[in-house]
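In: Following is a predicted model, sequence given first.
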Amino acid sequence: MSIWIIEKQCDGCKLCTQVCPYEGIEITDGIAKVTERCTSCGACIDICKNKAIDSDITQREIPDFSAYTGIWVFIEHNNIELTGVSLELLGKAQELAKDLNEQVSAVLIGKDVTKFCNTLTKFGAQNIYFAEHDLLEQYRTIAYTNVIESLVKKYKPSILLIGATTLGRDLAPRVSRHVKTGLTADCTDLKIDSDERILLQTRPAFGGNVMATIVNKYSRPQMATIRPGVMEKIKQNFFTNSNIIKFKPELHEKNILTRVLEIIKEKKSGIDITKANVIVAGGRGINGRQGFDMLKQLADLLGGELACTRLVVEQGILPQQAQVGQTGKTVRPEIYIACGISGAIQHRAGMMGSRYIIAINNDPDAPIFKVANWSIIGDVNEIVPEMIKQLSKGGTP
Ligand SMILES: Cc1cc2nc3c(=O)[nH]c(=O)nc-3n(C[C@H](O)[C@H](O)[C@H](O)COP(=O)(O)OP(=O)(O)OC[C@H]3O[C@@H](n4cnc5c(N)ncnc54)[C@H](O)[C@@H]3O)c2cc1C
């Protein structure tokens, strides 16, 4: 065991048990005892005011990362347009760059992609790492990994951000493995710790029951994927010039191992709640399909879209594309009307960026009220029809 108690110094204050995430320490007969669940994380050592806990854990040395600088954003596109998340991440990167006083760079890879440079400049890319090659026309894991790995090894960014899209979820782990760094997937928030100048990467953990903030102290770059829609897209702004750094990839078809035979576009159901300005969302408090017909009426009157919680999708009432939350879509409408929704953390994770949240619930203690701008305590079956009535008259409910 590498952690032990100096019993004569322990006063049984319980601080160590409170800080231990694993129940690795307990108080027996007024004295702390290390249990077999201890993982030697050392949290108890730091908190003990009597210095009654000791260990033989040696502090790992933090390498010198002074050569690593700048925040990079991998730019995803489909050869015709850039994905929204790339531009959202350029905005977030600028915020982080301000705190670090470093530069923001875009990593643009593909075939005939010069056309995107102008947009990237307008969205704040001070540098564009640019790699064009015939073999990069379609995304293929090995080819893209190879190029990013070479760029990272040559230019040493401090932070590398990638959208948590289908492509990003394939690419990011592969890159992180190749450049021997950690990766925090599916982040919902990114900040800079100004003392340590390190990236704080927040994401839901333990089935979404806690938000964990993860740091990467021992390797570079600090890599994170971020879900589309989580970060706010900045308005095209200031920059008129980017420094373009051209990179000539060395690629050979025989080394890429995969070929794209055909691209089949996914059939969309027509619902795209991520673009809606007004969303009327329903949860288990809504009475089946009939209840959702009522919400649809309200959504139509407001020019909005219908959305829901996961339980509603599981009941087969609305399709998965309408689900808001951690395992659904992230939305940022001007108005989000939550009807009969309790406001579980997994649901809130997808709608907290809404400008105004109106919640209707008959339980005054429902967690949704903690995040609502307007709280209506009452029965949706009375309140929603009244809103529809007022709106149909042309009035404001
Ligand atoms: C790993 C994981 C991922 C998840 N991902 C998601 C996700 O992406 N999105 C998501 O939504 N959930 C997700 N969940 C599920 C989530 O934890 C909640 O179970 C779910 O959001 C609750 O849905 P709800 O609010 O519809 O139902 P409930 O929690 O049952 O709430 C129903 C609410 O309706 C109110 N109500 C009932 N009748 C009325 C009435 N007549 N008038 C007014 N109010 C009424 C009740 O007071 C209650 O607050 C996830 C869970 C896990 C474990």
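Out: On my side now, so go ahead.
In: those helices in the stretch 51-200 of the chain, which residues are they?
Out: For the stretch 51-200 of the chain, applying DSSP state H, counting those that start in this stretch gives helices covering 84-100, 117-122, 141-155, 166-178.
In: Which secondary structure elements does the third one sit against?
Out: Contacting helix 141-155 under the criterion 3 or more CB pairs under 8 Å, 6 or more residues apart in numbering; DSSP states H and E are the following elements: strand 104-110, strand 127-132, helix 166-178, helix 253-256. All C-beta atoms are positioned from the backbone trio N, CA, C, and that covers glycine.
In: if you look at the next helix or strand after the last one, does any of it touch the ligand?
Out: In other words, helix 253-256. Beyond helix 253-256 in the direction of the C-terminus, DSSP states H and E gives the next helix or strand as strand 278-282. No. Shown here: strand 278-282 not in contact with the ligand (CB under 6 Å from any ligand atom), separated by at least 7.5 Å.
In: and of the helices and strands packed on helix 141-155, who's closest to residue 359?
Out: Among the helices and strands packed on helix 141-155, helix 166-178 comes nearest to residue 359, with 32.1 Å by CB to CB.
In: mind checking which helix or strand of the protein has the lowest mean pLDDT?
Out: strand 210-214 (a mean of 88; mean pLDDT, DSSP states H and E).
In: Run a quick neighbour tally on residue 100.
Out: 17 (other CB atoms under 10 Å).
In: Surely it touches residue 71?
Out: Yes. Residue 100 is in contact with residue 71 according to CB atoms under 8 Å; the separation is 7.4 Å.
In: Mutual contacts of those two, please.
Out: Common contacts of residue 100 and residue 71, defined by CB atoms under 8 Å, 6 or more residues apart in numbering, comprise residue 158.
In: just for this protein, where's the confidence low?
Out: In the predicted model, the chain carries pLDDT under 70 at residues 1, 207-208, 238, 268-270, 394-397.
In: the domain parsing of it - what is it?
Out: As assigned by automatic domain parsing, the chain contains the domains 3-55, 71-256, 273-392.
In: And those domains: which comes nearest residue 264?
Out: Closest approach to residue 264 among the domains of the chain (CB to CB): domain 71-256, 13.3 Å.
In: among the helices of the stretch 51-200 of the chain, which is the most enclosed?
Out: Neighbour counts (mean count of other CB atoms under 10 Å) averaged over each of the helices of the stretch 51-200 of the chain peak at helix 84-100, with a mean of 21.
In: packing partners for the helix or strand following the least confident helix or strand of the chain?
Out: Taking DSSP H and E as the definition, the helix or strand that follows strand 210-214 towards the C-terminus is strand 222-226. The contact analysis (3+ CB pairs under 8 Å, 6+ apart) places strand 222-226 against helix 84-100, strand 159-163, helix 166-178, strand 183-187, strand 198-205.
In: Name the strands paired with strand 222-226 and say parallel or antiparallel.
Out: strand 159-163 (parallel), strand 183-187 (parallel) (DSSP bridges).
In: what's the closest of those strands to the ligand?
Out: Among the strands paired with strand 222-226, strand 183-187 comes nearest to the ligand, with 11.5 Å by CB to the nearest ligand atom.
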